[in-house]
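Visitor: structure of the sequence below:
(3 chains, ligands or ions: 3)
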Amino acid sequence: MKLLRNTWYAAAWSRDVGADLSTRELLGEPMLLYRKHDGAPVAMIDRCPHRFAPLSMGKRVGDGIECGYHGLQFDCSGACSKNPHGDGRIPPGARVRSFPAEDRHGLVWIWPGEPSRADASLIPDFSHLVSPGLKTVGDEMTQKAHYELVVDNLMDLSHVNYLHAPYQQVDDFLQAKHDVVQDGSALESRRTVAGTRAPQSFRPFLDDPDAPVDYWLNIRWHAPGCCLLETGVVPAGRPREQGLVRIGTHIVTPIGAASTQYLYASSRNYRLDDPDADDETVRWQQMGFHEQDKPMIEGVQTRMGERELFSMRPVLLATDAAAIRARRLLAAMIDAEARSDQPVPAAIA
Amino acid sequence: MKLLRNTWYAAAWSRDVGADLSTRELLGEPMLLYRKHDGAPVAMIDRCPHRFAPLSMGKRVGDGIECGYHGLQFDCSGACSKNPHGDGRIPPGARVRSFPAEDRHGLVWIWPGEPSRADASLIPDFSHLVSPGLKTVGDEMTQKAHYELVVDNLMDLSHVNYLHAPYQQVDDFLQAKHDVVQDGSALESRRTVAGTRAPQSFRPFLDDPDAPVDYWLNIRWHAPGCCLLETGVVPAGRPREQGLVRIGTHIVTPIGAASTQYLYASSRNYRLDDPDADDETVRWQQMGFHEQDKPMIEGVQTRMGERELFSMRPVLLATDAAAIRARRLLAAMIDAEARSDQPVPAAIA
Amino acid sequence: MKLLRNTWYAAAWSRDVGADLSTRELLGEPMLLYRKHDGAPVAMIDRCPHRFAPLSMGKRVGDGIECGYHGLQFDCSGACSKNPHGDGRIPPGARVRSFPAEDRHGLVWIWPGEPSRADASLIPDFSHLVSPGLKTVGDEMTQKAHYELVVDNLMDLSHVNYLHAPYQQVDDFLQAKHDVVQDGSALESRRTVAGTRAPQSFRPFLDDPDAPVDYWLNIRWHAPGCCLLETGVVPAGRPREQGLVRIGTHIVTPIGAASTQYLYASSRNYRLDDPDADDETVRWQQMGFHEQDKPMIEGVQTRMGERELFSMRPVLLATDAAAIRARRLLAAMIDAEARSDQPVPAAIA
Ligand code: FES
Ligand code: FES
Ligand code: FES
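Guide: Ligands and ions are numbered 1, 2, ... in the order given. Just a heads-up that it's a prediction; the model follows:
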């Protein structure tokens, strides 16, 4: 699995990383996650350099860990801090690979690339997740598919009119104005339908569900797998600021070649304290992501087997523009990284 | 998996293919099966040429289908008939591979070879399945084994005296007269025992179960995996026309390298309307095929692993004659097909 | 899987091999095990040379077996003794590979190497298992790990202070006197702690559990996978003969590359007829072997994947001395065997 290394990946929702040792497979590696006493997240390979025991089977000792097999201790940087055997000298090489880790916007982020380049300001902006003006509801799931197939699903939102019909379907959506815009290494696909029927997913929250609305659906992709989806409706002709808006968070992190961690959330700007609106979101996420997207994406993976997309010569459509551009941009970034020791430039023309 | 391509394979019992989209793995491919409004069967690869979604997750539109992911439509020949995106032009190459398909004798047959050579008259004769003079009872199962191991089982019927004893055992069967006869690309193995005790499977249906009978057991193989087995008993010395006869249908279609679809039935010329005789058949198929043949054939597959039969240098016995000849004939047909673009000759000397 | 061939492997506890055909995967092969009428054990490949049916699906005929598929018979040496087909001649090559097998000390041993070299006196001494002065309690389990990882676990007993704490933990154990001694092709690791607190596992059986004891823990390895572990406590300063002693039997036999058969037992020299002491042992074996060792060893296998230990450059500690020496000794024995047709010398310097 060729991966972009010098970038931030979301390892978990912040709320799911605590003082106790936890482990999850990420980026093809077993990843040990926990928090120091000051709350800072720690990420390292979940494998002792002695006899390769899972460190997650050991225990916390201070801010470090003790291997549960023969008791080597490591500090939170991964350096061996105690050898209980023989003369107690620390053997050279007794070190666990750790990763720069950051808590940001309700997510724990890890950097698998060159540690000195790990700049927290490069973490994509998901500040809406912690905005007091929005109510956020989310969870996570595993997709048994290559992470780029999950990104493809997000970057080609025409699928909402088929896979998610009738709940998310929008009349005239497939012929709507559609722009694909590159912004540095990010890519945005924007669709607008003026004066249409509000989709079912917004109707319960509109004063007059049958009045025509202007509808928009923008998705912003930040390499390699962070997507931010904005959907909104506003009475036709009124400014967007007055509309009902949902910001979708869709962050995929590769687990292995055909397995992806998918963190998702929806943040709405209306009925912030309404548990019924929360329930509506949970129901949609269950139906849309678990019962519609997941079987379809995993079905595609089954049909592709171990083949790479372009080697199968897909028939490309107008609606593929953003997804294909994202794939090409990512491939170029991975190639550039492989060819040089230079930091990947922020923008790839 | 090397397969004979210019031949008919049974895809399913006709009764199991209806107007709704269904899918099954056959010949190493996901196969979409359904019927047009006029009842004609349709078979195509269950994979959209756009982003490779399973078409079986979509829906019927007229005699064609609509992909459930982004809505491309295909007619029943596999040609794209509608593109709902952008300017709506049909992209070149937007075509699903379809297969000639025929309903014949209660089975749906598909032709994975050159379509222009698909001649329905080449479908082997299983007309007994729909003969009003016979009562047929059958079903299907999956064998986790290479299809040639299932054919071997059928072509060496000496196993009935061991694996299916005592129900199907026949005294003196292993020393019985045994002819192997080639008929074009078909092969027939014929065994006869004169004046023997009727096997248990026939005894409930004989006037005098203890009177000596003439017994015969013929199996006819039609490449690559269609077998027709005729078993009969008649009071010793009387013409076969007066006997009790069962025609067994045993049709195997490769799913993958170690997985086989096995369609089976038994058609009898006695007690046509007797539900007890039906039950007796169902019980035997359950015991003989599911509880005796299947574990043995799958046990052989386990013991062979991924090795090819001849590479393991099997010790061959007199009773192997038909099975080995069928294997050699099939290998020659596959080789001939690989070497030329000419149609495979009907008879291979 | 490279294996030492000219050596004895434990196939099963003697009590688990009877007159009926049984089969288990061992040494990468399906192994048929049963006993002749005189009680002698028989071991052969569980695969008929005709069409590769599992012989274990057949039946006993005298001291031999009849294949359940087409009825070939084999004597207990594996030679074909009857061909029921055609003229009945025994085809050359109709032979099943059998293995020298011996019943010794409550275990059935098999020799996968050159049969003429199978000398029962080379079976390692596990006579304590049948000693009337000891009470033995044991069982078996499968470890989903390479057998050398299970041997590593046994040969580095420092793990008892971590993985098996507090039940087996011994104060000052990691700094205890530790000798590793080679004795021919066997290796012994001996640890002694004078005047310490008795570990919890012995306390219920001591007159004064709080009095200081001398403690010892010796493990003897006999290539490739037979370990004998002696643990004892005696009131400080008294001779070992007066102590409480447990002899642990730990015998691993490779099943496949990441799967190991593990036979274990504990033989104690105290409270021979006390069912509570038996229960205490069973509880410890369940907790220690099944709930502590097994997840850890299988966790290590998961973290190593298909990689070989040294290729991963483990950080070695003082406590690794015996385990690493055993690995090197075994590798040298396997290499020597591969390089020559000469018997492997009893001692490898
Ligand atoms: S494996 Fe961690 S200390 Fe041995
Ligand atoms: S995958 Fe079928 S239309 Fe996109
Ligand atoms: S497989 Fe054993 S006799 Fe045929």
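Visitor: can you name the residue of the stretch 51-200 of chain A nearest chain B?
Guide: With C-beta to the nearest C-beta, the shortest gap between the stretch 51-200 of chain A and chain B falls at A:Tyr162, namely 4.7 Å. Backbone N, C-alpha and C define where each C-beta goes, glycine included.
Visitor: residue boundaries of the strands in the stretch 51-200 of chain A?
Guide: If DSSP state E, counting those that start in this stretch is used as the criterion, the strands of the stretch 51-200 of chain A fall at A:59-61, A:64-66, A:73-74, A:80-82, A:98-99, A:101-104, A:107-110, A:135-143, A:177-183, A:186-196.
Visitor: quick one: these as TSV, columns for mean neighbour count too.
Guide: Converted to TSV, the strands of the stretch 51-200 of chain A look like this (neighbours: other C-beta atoms under 10 Å in any protein chain shown):
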stretch	mean neighbour count
strand A:59-61	14
strand A:64-66	22
strand A:73-74	22
strand A:80-82	19
strand A:98-99	22
strand A:101-104	20
strand A:107-110	26
strand A:135-143	17
strand A:177-183	13
strand A:186-196	19
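Visitor: how about JSON lines for these, with mean pLDDT and distance to chain B added?
Guide: Putting those into JSON lines (pLDDT from 0 to 100; distance: least, C-beta to the nearest C-beta, whole Å) gives the following:
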{"stretch": "strand A:59-61", "mean pLDDT": "98", "distance to chain B": "43"}
{"stretch": "strand A:64-66", "mean pLDDT": "98", "distance to chain B": "42"}
{"stretch": "strand A:73-74", "mean pLDDT": "98", "distance to chain B": "43"}
{"stretch": "strand A:80-82", "mean pLDDT": "98", "distance to chain B": "44"}
{"stretch": "strand A:98-99", "mean pLDDT": "98", "distance to chain B": "33"}
{"stretch": "strand A:101-104", "mean pLDDT": "98", "distance to chain B": "33"}
{"stretch": "strand A:107-110", "mean pLDDT": "98", "distance to chain B": "29"}
{"stretch": "strand A:135-143", "mean pLDDT": "98", "distance to chain B": "15"}
{"stretch": "strand A:177-183", "mean pLDDT": "92", "distance to chain B": "8"}
{"stretch": "strand A:186-196", "mean pLDDT": "95", "distance to chain B": "12"}
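Visitor: switch those strands over to a markdown table; also include distance to B:Ala257.
Guide: Shown next, in a markdown table, are these (distance: least, C-beta to C-beta, whole Å):
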| stretch | distance to B:Ala257 |
| --- | --- |
| strand A:59-61 | 47 |
| strand A:64-66 | 45 |
| strand A:73-74 | 46 |
| strand A:80-82 | 48 |
| strand A:98-99 | 41 |
| strand A:101-104 | 45 |
| strand A:107-110 | 40 |
| strand A:135-143 | 27 |
| strand A:177-183 | 43 |
| strand A:186-196 | 42 |
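Visitor: please name whichever of those is nearest to ligand 3.
Guide: Among the strands of the stretch 51-200 of chain A, strand A:135-143 comes nearest to ligand 3, with 43.9 Å by C-beta to the nearest ligand atom.
Visitor: how much space between the most centrally placed residue in chain A and A:Leu134?
Guide: Nearest to the geometric centre of chain A sits A:Ile251, at 1.3 Å (C-alpha atoms, centre = their mean). For A:Ile251, the distance to A:Leu134 (C-beta to C-beta, to the nearest Å) stands at 17 Å.
Visitor: what of A:Asp119?
Guide: Distance from A:Asp119 to A:Leu134, counting by C-beta to C-beta: 27 Å.
Visitor: which one of these two has more residues nearby?
Guide: Taking other C-beta atoms under 10 Å in any protein chain shown, A:Asp119 and A:Leu134 do not tie; A:Leu134 has more neighbours (18 against 13).
Visitor: show the backbone phi and psi for the more buried one.
Guide: As for A:Leu134, its main-chain torsions (degrees, to the nearest 10) stand at phi -130, psi 150.
Visitor: quick check: it touching A:His128?
Guide: Yes. Contact criterion C-beta atoms under 8 Å: A:Leu134 and A:His128 qualify, at 5.8 Å.
Visitor: which residues are in contact with each of those two?
Guide: A:247, A:267 (C-beta atoms under 8 Å, 6 or more residues apart in numbering or on different chains).
Visitor: still on that earlier bit, tell me the pLDDT at the residue of the stretch 51-200 of chain A closest to chain B?
Guide: Per-residue pLDDT puts A:Tyr162 at 97.
Visitor: for whichever residue of chain A sits closest to chain C, which non-adjacent residue is spatially closest?
Guide: Using C-beta to the nearest C-beta, the single residue of chain A nearest to chain C is A:Gly86, 2.9 Å away. Spatial nearest neighbour of A:Gly86, excluding adjacent residues (C-beta to C-beta, 6 or more residues apart in numbering or on different chains): C:Ala318 at 2.9 Å.
Visitor: and the one you found, how many neighbours?
Guide: 16.
Visitor: ok, now which ones touch it?
Guide: Going by C-beta under 8 Å, 6+ apart, C:Ala318 touches A:85-87, C:178.
Visitor: now those residues in JSON lines, with distance to ligand 3?
Guide: Shown next, in JSON lines, are the contacts of C:Ala318 (distance: C-beta to the nearest ligand atom, whole Å):
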{"residue": "A:His85", "distance to ligand 3": "55"}
{"residue": "A:Gly86", "distance to ligand 3": "58"}
{"residue": "A:Asp87", "distance to ligand 3": "62"}
{"residue": "C:His178", "distance to ligand 3": "55"}
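Visitor: chain center to the one helix or strand A:Val300 maps to, what's the gap?
Guide: If you go by DSSP states H and E, A:Val300 is part of helix A:294-304. Relative to its parent chain, helix A:294-304 has a centroid offset of 19 Å by C-alpha atoms, centre = their mean, to the nearest Å.
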